[in-house]
Structure formats: structure tokens, C-alpha cells
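Model the structure of this input:
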Amino acid sequence: MDSQHRPSPDSEQQTTSRKQKRGIGGIGWAVIGAVFFASLLAIGILPRLSQRSELQAAVKEASTLPTVNVITPRRATASTKLELTGSVVALNQTTIYARSTGYLRRWYADIGDRVRAGQLLAEIDSPDTDQQVLQAKAELVQAQANVLQTRANLAKGISDLKQARANLLIARQSWERWQILVKKGAVAQQEADTKYATYQANLANVEAAQNTVNSDSANIKAAEANVYASQANLQRNTVLQSYQKVTAPFSGVITARNVNTGVLISAGSGNTNTSSTNTSNTSLYTIAAYDKLNVNVSVPQSLSQSLKTGQTAQITVRELPQQVFKGKVVRTSNAIDPNTRTLLAQLEVQNSHATLRPGMYANVRFAINRNNPPFIVPNSALVVNAGGTQVATVTKDEKVHYQKVAVGRDYGTEIEITSGLTGKESLIATPTVDDTEGLRVQRIAQTK
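Next up is the predicted model:
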């Protein structure tokens, strides 16, 4: 019975083998699970550790880069106020010279006097001119008398010519009748020859009378030409005599008087003797028109294209703070001065009350509309060196790059950039000598 229930050796070995296999399988699964779990941890932790390491390296690297404040250039407004300085000048100003030589008899206007056109300013005593006028008048009378005498001679010559022609007609008729009588034998041939001689003599008288008439006609033309010449000479001397009265060429204000009573004046030169030191003056008077004035302004080249003829402006002077005058651009030089790079513009200002005076220093304010307004940056952003005027920009790869620019108006703390920028640049607000070309930097601020 016992022998029937005891397992055989083979059965025991199989049982033992199955137990061993079950024990090995559990440990394996445990090991596999541990490895899998470790792999998951490695997959999650290692990238984080790598990123943390890279971040720490980037932070370390960033902490060593120089930091700069950057700004973005802004576009200026299309409408702007342009204020420039100008000089007030007279619309019409001239110096008055003497046209007659003599001594100053009297002067009637002094500096500061307002005079009208044609008003008497001074009188010059010129005896030589007066005598020349008298002589010219006498020559004219003589020439006119000569014309009358020549015309009388012509009338007499015409009368003599008519008489000679009548005598010639009678002589010819007599000669023709005597020729008929000679043929008939009624008279002698000698008598007919006498009539022929008389006819020839009258023919010569007619020719002589005709020549006299022709000569008298030519003499009349010459005499009339002398009359015209004498009249022109008289007119010239009369005009010179009229220059003894010095008059104002236009309405205005006397700004200078260089004459005194009794001084000797030379025609054309304006040389006068106003004192014991024999001072030589270049003019008798200086006169300026004040009803309209001009204001000359030098406009910068960058704004010259915006200024148009007919444009208005407000004009003020420091001495008249409560008054604003309106000016209008009437002309420009149409050329840029190579020395100042400016355009000369001339404005016309009404000055009926003579408030403004030539020579004043004025402020001129324009309202300018610009089609392409420039950019505006702080003055501190500009760098001026051997390469010209530049700004320091930060590129997309965070490197310094110097860009050459052209500047316009200076507002004190800010300045216009007329060319060289697109408006998208990042500019270093205050570049230093350490910010060299190509330097890698870190921006820490971005302001408008």
C-alpha cells in the first residue's frame, strides 16, 4: 500500500523542476520591472537635468555679456513748426547823388523825415549850368532865324525862277517868229541870230535860277537840322539845370544826410565837403521805403523742398513782443549756398505804420507739411567719429552694428534723422567706446 502511494523518483524531479522554474520567473519579472522603472526615471530626469544645465550655462553666459538699453526711432509728425531767424531789409532803398555841379544852396529834409515821391530835398546853386542854358537858348534863336532867312532866300529864288522861265518863253517865241521872217526875206539873218542869242541867255538864266532854288532848299534842311540840334542842346542843359533841385525818387524815410549848406558838390560823384576835415561822402541822401519790407531767411537744405512761393509765416521781433506780423514768401534764390547749405528765402511784410525798421533781427515761424517726415532719436544715440555721424544698432543676433545716418533739425535733447534708418532698428540709447562693431550684447530695456 505504501509502495503504491510513494511517488516515483521521476515524478519528484519534475515537481522540483517546475518549482524551480516558477521561482526563477518571479525574480525575473521583478528585475524587469525594476529596469523598466529605472528607464522611465532616466527618460524623465536626464532631459530636465540637461535643460537645467543648459539654462545654467545660458544664464552664466548672459551674466557675462554687456547690457545695453535700446530704443526704437519714432517718426516725426507730418506737420511741424519751423522757426528761423531773419533780417529785416527795406523793400526799396537807394542813395541819392548829385547830377549838377555847384554849391549847396539849401537842404530841406533831415534823417528820420518821411518824404513823398518828388518832394524837394535840396537845391544846388550852379552858375555854369545856368549860363549853358542861356547860351543854348541864344543858339536856338540864331538857328531859327537862319531858317527864316534861308526860307526867304528860297522864296526869292523861286520868284526869280518864275521870271526867268517867263523871259525864256518870250525869247523862244521871238526867235521862232524871226526864223519865219528870215525864210520870207522880211528880215536879215543877223537879227534872227540876235533873237536866238537872247533865247540862249534866258535859258541859262532859268538854269541858274533853278540851281539857286535847289541850293536854298538844301540850306533850309541844314538850317532846320541846326534848329533841332539847338533844341536838343537846350533841352539837355535845361534837364541839367533841373538837377539843381534834388527830389525824392519815391516815398520813404530819410535814413542818412551827407550834405550841409555851402558845400561844393561834384556831379555824379556825390563828393561833399561837410566839415573842416574835408570829409568825402558818397551820396547826398539815403532814402528807404518803409510801407513794405522784406525779411531775408536762410532755410536749411533739409527743409528747402518743403518751402514754396506764396507760403505764409508769422514774424515777430523781440522789441515788439505783443505784435505778430504776417509775411509771405515772394521769392527764393532757387540755389543752395555751398558755404552754409541753406536756401535764401525772401518774405514780404506790410508795414504801413512803419512799426518794423530795416536792420531788425526777426524770428520767422513757418508751418511746414512734410510728405516724408524724418525719424527722431535722442542726441545721446549719435556717434560722431572718423566714419561720420552714426548710430549703434543691435542686430537680430544680438550684435552691435554701426549705421551711418544724416541728421536734420536739432531740437536740443532730440535730433532728426533724414536718412539711414528704416524705423525698425533697435538703437543703443547711449553707446560707449566699449560697444565696438560686432560685439555681442544683451538688451535689458526696450522703450519708445
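
so how far is stretch 429-439 off the chain centroid?
Here stretch 429-439 is found 44 Å from its chain centre; the criterion is CA atoms, centre = their mean, to the nearest Å.

Need the distance between the two termini of it.
Distances were taken as CA to CA, to the nearest Å; on that basis the terminal residues of stretch 429-439 are 16 Å apart.

just stretch 335-355 next, same as before
According to CA to CA, stretch 335-355 extends 32 Å from its N-terminal end residue to its C-terminal end residue.

Can you list the neighbours in contact with it?
The contact list for stretch 335-355, computed with CB atoms under 8 Å, 6 or more residues apart in numbering, reads 86, 88, 91, 114, 253, 290-301, 304, 307, 313, 315, 320, 323, 325-334, 356, 364. Yep, even glycine has a C-beta here, placed from its N, CA and C like the rest.

which parts of that stretch are buried?
By 16 or more other CB atoms under 10 Å, the buried positions in stretch 335-355 come out as T342, L343, L344, A345, Q346, L347, E348, V349, N351.

just how off-centre is the host helix or strand of the third one within its chain?
L344 is located in strand 342-350, with elements delineated by DSSP states H and E. Taking CA atoms, centre = their mean, the mean C-alpha location of strand 342-350 is offset from the chain mean by 8 Å.

Name the next helix or strand downstream of that strand, please.
Following the chain from strand 342-350 toward its C-terminal end, the next helix or strand by DSSP H and E is strand 361-369.

Show residues contacting the next helix or strand after that next one.
Per DSSP H and E, the first helix or strand lying C-terminal to strand 361-369 is strand 375-378. For strand 375-378, contacts defined as CB under 8 Å, 6+ apart pick out 71, 73-76, 391, 411, 413-417, 421, 423, 427, 429.

Kindly recompute the last result at 7 Å.
Taking CB atoms under 7 Å, 6 or more residues apart in numbering as the criterion, the residues outside strand 375-378 that touch it are 73-76, 391, 413-417, 421, 423, 427, 429.

State the mean pLDDT of that strand.
Averaging pLDDT along strand 375-378 yields 92.

quick one on the thing from earlier: now the angle between strand 361-369 and the strand holding L344, please.
Here the directions of strand 342-350 and strand 361-369 differ by 100 degrees (axes from the mean of the first three to the mean of the last three CA atoms, to 10 degrees).

Quickly run through the sheet partners of strand 342-350, with directions.
When pairing is defined by DSSP bridges, strand 342-350 lines up against strand 285-300 (antiparallel), strand 320-336 (antiparallel).

Among the contacts of strand 375-378, which pair sits farthest apart?
The most widely separated members of these are T413 and G423, with 19.8 Å between them, by CB to CB.

contacting residues around the spatially most central residue of the chain?
The geometric centre of the chain, computed from its C-alpha atoms, lies nearest to S333 (CA atoms, centre = their mean), at 1.0 Å. Residues in contact with S333 (CB under 7 Å, 6+ apart) are L343, L344.
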